[in-house]
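Peer 1: just the structure for this:
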Amino acid sequence: MAEASSPQETGESASKHPVVVLDKVDEYFRELIRSIISCCLVGLTSEGEQIGCNRNLSLLQIATEDCTYVYDILCLGDLPIFRGLCQVLENADILKVIFSC
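Peer 2: I've put the predicted structure just below:
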């Protein structure tokens with residue numbers, strides 16, 4: 001089970017768009033989920049092996065107008081799905097632009 005900790009701010013792009021890596025479930029994690037739920041548009045991308053039914057998801061990135069959040073699923077485990085990410089992914093009021101390689 002993931003422990004609480006502060007997120008890691010990894011850097012900013014040329015447009016001053018911060019990137020935050022989340023590898024622990026804590027109050028900040030829940031605050032960010034509430035913030036993302038208030039958006040009407042987000043960008044999504046993921047990384048992993050054979051993503052699908054046998055999901056080996058390692059990273060989930062969610063970008064808003066203000067910030068990009070990188071969820072380290074390998075560190076977080078399944079817990080974040082039940083602790084809020086599904087609220088974002090299943091919310092019909094949030095338009096999701098999904099990027100794939």
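Peer 1: ok, residue 73 - how many residues close by?
Peer 2: 23 (other C-beta atoms under 10 Å). Yep, even glycine has a C-beta here, placed from its N, CA and C like the rest.
Peer 1: immediately after the helix of greatest length in the chain, which helix or strand?
Peer 2: Selection of the longest helix in the chain by residue count, based on DSSP state H, yields helix 27-37. Downstream of helix 27-37, the first helix or strand assigned by DSSP states H and E is strand 41-49.
Peer 1: what about the longest helix of the chain, distance to the chain center?
Peer 2: Averaging C-alpha positions (C-alpha atoms, centre = their mean, to the nearest Å) puts helix 27-37 10 Å from its chain's average.
Peer 1: confidence-wise, which helix or strand of the chain is lowest on average?
Peer 2: strand 8-12 (a mean of 51; mean pLDDT, DSSP states H and E).
Peer 1: how about low-confidence regions in this protein?
Peer 2: The chain contains residues with pLDDT under 70 at 1-15, 50-55, 80-83, 101.
Peer 1: 90 instead, please
Peer 2: For the chain, the stretches with pLDDT under 90 are 1-17, 24-30, 46-59, 73-87, 89, 99-101.
Peer 1: so residue 56 bridges to which residues?
Peer 2: Under DSSP bridges, the beta-bridge partners of residue 56 are residue 49.
Peer 1: isn't it right up against residue 49?
Peer 2: Yes. Between residue 56 and residue 49 there is a contact under C-beta atoms under 8 Å: 4.1 Å.
Peer 1: those two: who's more crowded?
Peer 2: residue 56 (12 against 9).
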